[in-house]
Structures are given as structure tokens and as C-alpha cells.
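1. compute the structure for the input listed below.
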Amino acid sequence: MNNQIKQNFLIVFGFLLIFALKTSAQQPSPTPILYSEKTLNELKQIQRAALQSDYAYRQTAYLSNNIGARLTGSLQAERAVQYVAEEMRKLGLDVRLQKLTVPHWVRGEERGELVEFDGMARGTTQKIVLTALGGSIATAPNGLTAEIVVVNNFDELEKLGRKNVEGKIVLFNNKFDKQLEESGNGGAAYGQAVAYRGGGAIAAARLGAIAVLVRSAGGSQNRLVHTGAMRYADDVTKIPAAAVSFEDAETIAYLAKMGTVKIKLLLTPQTLPDTTSYNVIADLKGSEKPDEVVIVSGHLDSWDLGTGALDDACGVAVSMQVPYLLKQLKIRPKRTVRVIAWMNEENGSVGGRTYAKEEDAAKQFAAIESDLGATHPIGFQFAGKIEAMPFFAPLTKILSEQGARLSQRQDEVGQDISFLTDKGVPSFAPMFDTRTYFNYHHTAADTFDKITPKELAEVGSVMAVLAYGLANLEQPLPR
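-> I've put the predicted structure just below:
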């Protein structure tokens, strides 16, 4: 080979080498390991154990049937705090109680009866099924009697104006969207209806109303009435507020089209001085990164009409079950798995706010909350950076075996953990078909008999697989 040929060869070879190096640099690097083979095998063990376990079912039963309704500030709420702490200590977890200053509202007596309407028999009244909304003030001790004005929405109220509202009781007859609920989107239907429960008293009082009634923000047609928190504004007169059942709202609206309808309303709730309660925090310490925390949680308080089985004893119970399963299987997570039973989700969210304020968000690797009952879970929801979604594919693959194959990104996935979500903590929740949940939610029918053991076990499996998978993730989550 002469010198010219050698020179040409070297030039060509050089170009090829540069091209190869450039092309190699442009190729994506191999996907980093997300879960070790050992972790994936352990996740399958955990899933099988969760589907066969009755631990969460037994804990839900005790919280619902033995302790009962757990409205913030009640003796039952206090007993529930001590019970969950005791149960977690039995498992060998490090338990502490995070002190909270919480509201203390009690329901009292509640009664409604129609005393004037077209066609009524002389000397009679017609009973109305109603309940005070959480936080409502009382009527006068002997009640109040006034004409009812029926509107379907805030716009109709504004069009009536003060002259047609002042001195009267407003009924917001906004209908819960049953078709939306029956399509599996009960949460969206609830989100629309609950606006009147929350803001109805403020809107009505601005125009001089002396009380407000709202059609129940739920799907029940069994003359069950739905309670829940309402709001007042500092610059608007406080007025008594109650919800009426589906059927009674229909009756009042029908009669109002015929002429004047008057109701005698008696509500005797009280807002007592703030009291002390606690979040229950129980840690199963991680073997490699104990300062990084994966929260698994539900809220311990409930409304007082039922026994809070669906909302949210079952969420607390499936959270408690996670360390129980890991202990049973003798599996230890790399990061700390922290069970939290939140207090005061229903009427103030003091538990979630306080935790987010007092704890270092940078150490919260992820947060999970179950707070939509215990029907068959179809997957899980995620609030966080969209770049994190591929990290969950191996978990989805395992959960797909039980029909929980969906993963969906949302802005928010749980009320108590929303304060951590706002600080950039990746957040998760089981995802449900909610076509029946809002038939019972916040009503007297939220009781233990609505819990199906098989479906609760499936929720427990989603919680456990998520918690352990995140605790053993080999890479940090984008945040």
C-alpha cells in the first residue's frame, strides 16, 4: 500500500470512527434498573398474601362496629387514635402521636316539617328528612318558621334578588348527576353537587335568607340524607344550614310550583371550643434509606350519621395491613414505610395540614392515601411529574393480574396528602369505579355491611404493592 492510499484510508477510517462515536452518543443509554429481580419477586408474594388476608377486613369491622362514628373531637375519635396506635405497636412499629388542635362540632337535635302548602289537610304537617351540615349554627331554641324559595343553582338565586329572598329559607335543588355516576364517574358528579353544600349558606345569606337547605350531594334514592362540611364567610351573616333527602327536595320543589310552602326548622348543633387530637404515625424502618419515607394512609375521623366504614375505616385498615403483611412475610423495605391515620379530614383537614407543615417534604419519598371506599380497584392514580409515569409500569403489570391495570395522572389524589402534593411529593391513591360509593357516602348507610371482603382485599393489594414497590425503587422519582 503506497503512501497516498494509506493517507486516503486513514482519512476514511477517521470519518467512520467519528460517525460511529457520534451515533453511539446519540443513542439512549440503557434503561436504569427500577426494581431488582428480588423486589419483583417479593412484590408478587405481597400481592398474593394481600389477596388472601382478612386483616384489613377485621380492622375495618372493629373501627366501624366496635368504635363507631368518629367525628373529630368525639370520644370515639379519641378511642380510635389509641386503638390504631396499640395495633401498630403490636406489630413492633415505632409509633408516635402528632398533636393537633382540632374543631369540635356536635350535631344535636334536627327536625323539619312542612306547615303550609297547597292542599294540605287541616291540622296536619308533613315531616321532612333532613340533617344539619357540618359546622352549621343552630336555629333559635324553638326553631324558625319561614317560606321556602326553591332554586336550582346560584344563577337562579341571583336573578331572584334580595326582594324575593330576604326573610325566607332557600332550597338549592341542584340534582346529583345520576347518569354521570352510573357511567363510573361518581366523583365528578359529587364534585358538581357539593358546591351547594359548601357555599350555599354564604350565597343565600348575602341576599338576606334566614336559613338554607340543600338537596343531598349524593346518589341515594332511599330517603337517606347526606351530611358534610359547609362554610361561612367573615363578611356575611351566618345562617343555619341543613341537607334534605332526594325525595324531600323533590316534594318541596313540586309543592312550591303550586304556591307558598312554609317549613318549621329546628337545628341545635353546637361549635364547642377547639380540642386536642392526634395523627397516628407508625414507622416500619427502612433497611437502607430509613430517612426516606413512603406514606401509606387513610383518615381516621368520620361523619356521625353512620359508622364511617367506607369513609374511611377501610382506608385506615388497608394502610395498617401493609406492615402487617411485610412482617408476616419477613420482608423489610429499603425505605421506611410510614402508616398514618389522619385526623380531621372531614371538617378541617388539620391532620394533613399539620403534617405537611411540621415534616420535611424532602424526606417524604412518596405518599399514598385510600379514601374512596372499598369497591374493586381498577388501578391507581398519581399526582406528580409526568416523567415519573414509566417508573410504575412494572407495578401495573403485577396489579393487572387482579384487574387493576390502569394508571392515571391527576392534579390531586387525596385530601390529606394534597398538602404534600403541593410541596412536590409524588402522591398516589387506588382508583375506583365510583358508581355506588356516593349512594352511601356521608349518610347513615355508611356501615360495615357495605364492605365486601374480596374487594377490600384487592384494595389492600394495590396499597401494599404500591407501598413496597416505591419503598424499594432503585431510582429517585422525578419531582
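2. for residue 345, give its distance to residue 425.
-> 17 Å (C-beta to C-beta, to the nearest Å). Placement of C-beta: from N, CA and C, glycine included.
3. again, but for residue 440
-> The gap separating residue 440 from residue 425 is 30 Å, by C-beta to C-beta.
4. go on, residue 120?
-> Separation of residue 120 from residue 425 (C-beta to C-beta): 58 Å.
5. just residue 226 next, same as before
-> The value you get for residue 226 to residue 425, if C-beta to C-beta is used, is 31 Å.
6. and those two? Which one has more around it.
-> It is residue 226, of residue 226 and residue 425, that has more neighbours when counted by other C-beta atoms under 10 Å, with 33 against 24.
7. would you confirm that that one contacts residue 242?
-> No. Using C-beta atoms under 8 Å, residue 226 is not in contact with residue 242; the gap is 10.8 Å.
8. so what sits against both of these two?
-> Residues touching both residue 226 and residue 242 (C-beta atoms under 8 Å, 6 or more residues apart in numbering): residue 131.
9. wait, a strand at residue 469?
-> No. Residue 469: not assigned to a strand; according to DSSP: H, G, I helix; E, B strand; the rest coil it is helix.
10. contacts only, for it.
-> By C-beta under 8 Å, 6+ apart, the neighbours of residue 469 are 35, 39, 43, 392, 394-395.
11. switch the cut-off to 10 Å
-> 34-35, 39-40, 42-43, 46, 294, 333, 366, 391-392, 394-396, 398-399 (C-beta atoms under 10 Å, 6 or more residues apart in numbering).
12. of the residues you listed, just the buried ones, PyMOL syntax please.
-> To isolate the buried ones among the contacts of residue 469 in PyMOL, judged by 16 or more other C-beta atoms under 10 Å, type:
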select buried, resi 34+35+39+40+42+43+46+294+333+366+391+392+394+395+396+398+399
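13. sitting in helices, which of the contacts of residue 469 do you find?
-> With DSSP state H as the criterion, helices contain 39-40, 42-43, 46, 394-396, 398-399 from among the contacts of residue 469.
14. now, which of these sits nearest residue 107?
-> residue 399 (40.1 Å; C-beta to C-beta).
15. that older thread, pull the most distant pair out of the ones in helices among the contacts of residue 469.
-> Using C-beta to C-beta, the ones in helices among the contacts of residue 469 span at most 16.8 Å, a distance reached by 42 and 396.
16. host element of the one residue sitting closest to the centre of the chain?
-> Taking C-alpha atoms, centre = their mean, the centroid of the chain lies closest to residue 371, which sits 3.8 Å from it. For residue 371, there is no host helix or strand (DSSP states H and E).
17. one more: residue 131?
-> In this structure, residue 131 sits in strand 130-132 according to DSSP H and E.
18. next helix or strand past that strand?
-> That would be, after strand 130-132 and using DSSP H and E, strand 144-151.
19. and after that next one, which helix or strand comes next?
-> Of the helices and strands lying after strand 144-151 in sequence (DSSP H and E), the nearest is helix 154-160.
20. pull the CA atoms of the helix or strand just after that next one into PDB?
-> Heading C-terminal from helix 154-160, the first helix or strand you meet, by DSSP H and E, is helix 162-165. The C-alpha trace of helix 162-165 is given here as PDB (Å, rounded to 0.1, in the frame of the first residue of the first chain):
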ATOM      1  CA  ARG A 162     -82.800  40.300  47.600                       C
ATOM      2  CA  LYS A 163     -86.500  41.300  47.500                       C
ATOM      3  CA  ASN A 164     -87.600  37.700  46.700                       C
ATOM      4  CA  VAL A 165     -85.200  36.100  49.200                       C
END
